[in-house]
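**Student:** below is the sequence, then the predicted model.
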Amino acid sequence: MRILHLALMLSLLAPAGAATAQDQTQPMIELARKMRAQAEQMKGSLPPEEIAEMLKQADEIEEGARAGGFNAPPPPAPTLSKRIADAHEGRLDWLHGKAACVGYSWESYRTFSFTPGVVTERDRLCRTAYGHWDKYFTMTRDGSGSAAAEPHLAAYDKAAQAAVDFYEKGGR
């Protein structure tokens, strides 16, 4: 009979799975209500001790739900580096290899120019982006920690996007 109870509970849980992961109170209370209704329907076909066990389980589920036992804390927000990597095929240094700043890198951004002797808006945008990347990279490499370096990563991402947007709009 335990297998029957398990199958019954799993079938009743299906609608509860659609609720948010943070608050399962109402779905679990609803599950307890459904278990009680099922126990009532099965009164003639199950021994009284099995019905009593089903009702006891329903009481325990309801009590646990009211006490917050089925609530999970919200998942942590993804880190900035995770969001950037997810948006750019796993790369944090996603500007590398983009046509907007071809020729630039974190090693050459101080000296490279598309037109030697002339600093264009595109040069300025690419230098700004790689300047922030240089600070981020150097800080993380030297052990400052990602939290301290994260503002530079955010600035890199913003400046890199500005360079790409400028280039895509025809800026040379």
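**Tutor:** Right, received. Where do you want to start? The model shown is predicted, which means the values in this text are computed figures rather than measured ones.
**Student:** the residue nearest to residue 137 when sequence neighbours are not counted: how many residues sit nearby?
**Tutor:** In space, and not counting its chain neighbours, residue 137 is closest to residue 106: 5.9 Å by Cβ to Cβ, 6 or more residues apart in numbering. C-beta: built from backbone N, CA, C; applies to glycine. By other Cβ atoms under 10 Å, 20 other residues sit near residue 106.
**Student:** check the secondary structure at the spatially most central residue of the chain for me.
**Tutor:** Among the residues of the chain, the one closest to the centroid is residue 78, at 4.6 Å (Cα atoms, centre = their mean). With DSSP: H, G, I helix; E, B strand; the rest coil as the basis, residue 78 sits in coil.
**Student:** ok, it - contacts?
**Tutor:** residue 86 (Cβ atoms under 8 Å, 6 or more residues apart in numbering).
**Student:** low pLDDT regions in this protein?
**Tutor:** For the chain, the stretches with pLDDT under 70 are 1-22.
**Student:** and the helices in it?
**Tutor:** Remark: helices assigned in the chain by DSSP state H are 2-13, 25-41, 48-66, 80-87, 121-141, 146-168.
**Student:** please identify the most buried of those.
**Tutor:** Per-stretch averages of neighbours, counted by mean count of other Cβ atoms under 10 Å, single out helix 121-141 among these, with a mean of 20.
**Student:** that one: how far from the chain's middle?
**Tutor:** Put simply, helix 121-141 sits 26 Å off its chain's centre (Cα atoms, centre = their mean, to the nearest Å).
**Student:** got it, and stretch 141-154?
**Tutor:** Its chain's C-alpha centre and that of stretch 141-154 lie 20 Å apart, by Cα atoms, centre = their mean.
**Student:** repeat for stretch 81-89
**Tutor:** From the chain centre to the centre of stretch 81-89 is a distance of 11 Å (Cα atoms, centre = their mean).
**Student:** list the contacts of it.
**Tutor:** With contact meaning Cβ under 8 Å, 6+ apart, stretch 81-89 is reached by 78, 91, 92, 94, 146, 150, 153, 157.
**Student:** try 10 Å
**Tutor:** Residues from elsewhere that reach stretch 81-89 (Cβ atoms under 10 Å, 6 or more residues apart in numbering): 77-79, 90-95, 98, 136, 140, 146, 149-150, 153-154, 156-157, 160-161.
**Student:** residue with max distance from the center of the protein?
**Tutor:** Most distant residue from the mean C-alpha position of the chain: residue 44, 49.1 Å away (Cα atoms, centre = their mean).
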